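Participant: For reference, the sequence and a predicted model appear below.
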Amino acid sequence: RETGLAGHLRRAGVVPSFPEYTAPEEIEGDVVTPRTDIYALGVVLFEMLSGVAPFRGTTPDGVLARHLQDTAAPVDSLRMGIPAVVTLRVSQALEKEPEKRQRYVGDLINEYLFDLAVDELLEAAARNRPWAIRKMSAAVQACLPRASEDGEERTVGSIVLKTLAGAAVGITAQQALEQD
């Protein structure tokens with residue numbers, strides 16, 4: 001018979017079979033939301049990028065305790081060459097407090113793509129490549145989600161993409177003025 005925190009929680013139906021992927025709120029018996037899944041995704045991404053789980057222990061209880069008490073190391077400290085934006089998004093997904101994590105997987109992806117696109121826009125602007133900025137601006141605008149049936153925008157990601165598109169248009173306009 002299993003004893004300790006993991007055994008107690010598993011008998012209560014709270015903890016899945018793999019403590020390595022269990023979110024703090026799940027361990028504490030709080031409400032499970034989509035942000036709980038974001039945490040598990042953060043663990044998977046961390047593991048894929050670094051080759052090790054962010055929280056390790058010799059027993060299931062040890063692993064669960066680390067989820068509650070420890071902060072994961074930045075993934076780029078374990079493996080060189082990981083972009084800062086990836087480290088940031090993985091760290092955010094592994095936040096202890098669910099409110100600090102992305103709300104949905106789509107938000108995580110949109111934020112990551114936004115960060116990458118901003119980096120590319122800034123690089124293109126720094127190299128004075130207005131054609132690249134115009135091309136990225138058109139691509140971003142083409143990806144903007146349409147309004148849903150009730151007329152409301154669907155995600156925070158759509159707002160992020162609109163902001164990016166506006167920034168790209170602004171940079172393009174600024175460079176056109178500078179060339180005149």
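Facilitator: That came in fine, so what should we check first?

Participant: I'd like the distance between residue 63 and residue 108.
Facilitator: 23 Å (C-beta to C-beta, to the nearest Å). The C-beta positions use only the backbone N, C-alpha and C, and glycine is treated the same way.

Participant: do the same with residue 22
Facilitator: 19 Å.

Participant: More neighbours: those two, which one.
Facilitator: Per other C-beta atoms under 10 Å, whichever of residue 22 and residue 108 has more neighbours is residue 22, with 25 against 21.

Participant: Could you check how far that one is from residue 47?
Facilitator: Per C-beta to C-beta, residue 22 is found 14 Å from residue 47.

Participant: Ok, residue 100 next?
Facilitator: With the distance defined as C-beta to C-beta, residue 100 ends up 21 Å from residue 47.

Participant: The two: which is more packed in?
Facilitator: Ranked by neighbour count (other C-beta under 10 Å), residue 100 and residue 47 place residue 47 first, with 15 against 12.

Participant: That one contacts residue 54, correct?
Facilitator: Yes. At 7.4 Å, residue 47 counts as touching residue 54 under the criterion of C-beta atoms under 8 Å.

Participant: And the helices in this structure?
Facilitator: 4-11, 24-27, 34-50, 60-69, 84-93, 105-126, 130-143, 156-179 (DSSP state H).

Participant: Out of those, which gets the lowest mean score?
Facilitator: Mean pLDDT per stretch puts helix 156-179 lowest among the helices of the chain, at a mean of 51.

Participant: and stretch 68-83, which residues are buried?
Facilitator: Within stretch 68-83, the residues that count as buried by 16 or more other C-beta atoms under 10 Å are 72, 75, 76, 78, 82.

Participant: Kindly report the same for stretch 34-54.
Facilitator: Using 16+ other C-beta under 10 Å as the burial criterion, the residues of stretch 34-54 that qualify are 35-43, 45-46, 49-50, 53-54.

Participant: can you list the residues that contact it?
Facilitator: Here stretch 34-54 makes contact (C-beta atoms under 8 Å, 6 or more residues apart in numbering) with 20-26, 55, 63, 72-73, 75, 78-79, 82, 86, 90-95, 98-99, 101-105, 108.

Participant: Let's see it as PDB, backbone CA atoms only.
Facilitator: Extracted C-alpha coordinates of stretch 34-54, given in PDB (Å, rounded to 0.1, in the frame of the first residue of the first chain):
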ATOM      1  CA  PRO A  34      -7.000  24.800 -18.500                       C
ATOM      2  CA  ARG A  35      -4.000  26.500 -16.800                       C
ATOM      3  CA  THR A  36      -3.300  23.200 -15.100                       C
ATOM      4  CA  ASP A  37      -2.800  21.700 -18.500                       C
ATOM      5  CA  ILE A  38      -0.500  24.600 -19.400                       C
ATOM      6  CA  TYR A  39       1.700  23.700 -16.500                       C
ATOM      7  CA  ALA A  40       1.900  20.100 -17.700                       C
ATOM      8  CA  LEU A  41       2.700  21.300 -21.200                       C
ATOM      9  CA  GLY A  42       5.500  23.500 -19.600                       C
ATOM     10  CA  VAL A  43       6.900  20.400 -18.000                       C
ATOM     11  CA  VAL A  44       6.900  18.500 -21.300                       C
ATOM     12  CA  LEU A  45       8.500  21.500 -23.200                       C
ATOM     13  CA  PHE A  46      11.100  21.800 -20.500                       C
ATOM     14  CA  GLU A  47      11.900  18.100 -20.700                       C
ATOM     15  CA  MET A  48      12.000  18.200 -24.500                       C
ATOM     16  CA  LEU A  49      14.400  21.100 -24.600                       C
ATOM     17  CA  SER A  50      16.700  20.200 -21.700                       C
ATOM     18  CA  GLY A  51      16.500  16.400 -21.600                       C
ATOM     19  CA  VAL A  52      15.500  16.400 -17.900                       C
ATOM     20  CA  ALA A  53      12.300  17.000 -16.000                       C
ATOM     21  CA  PRO A  54      12.200  20.400 -14.200                       C
END
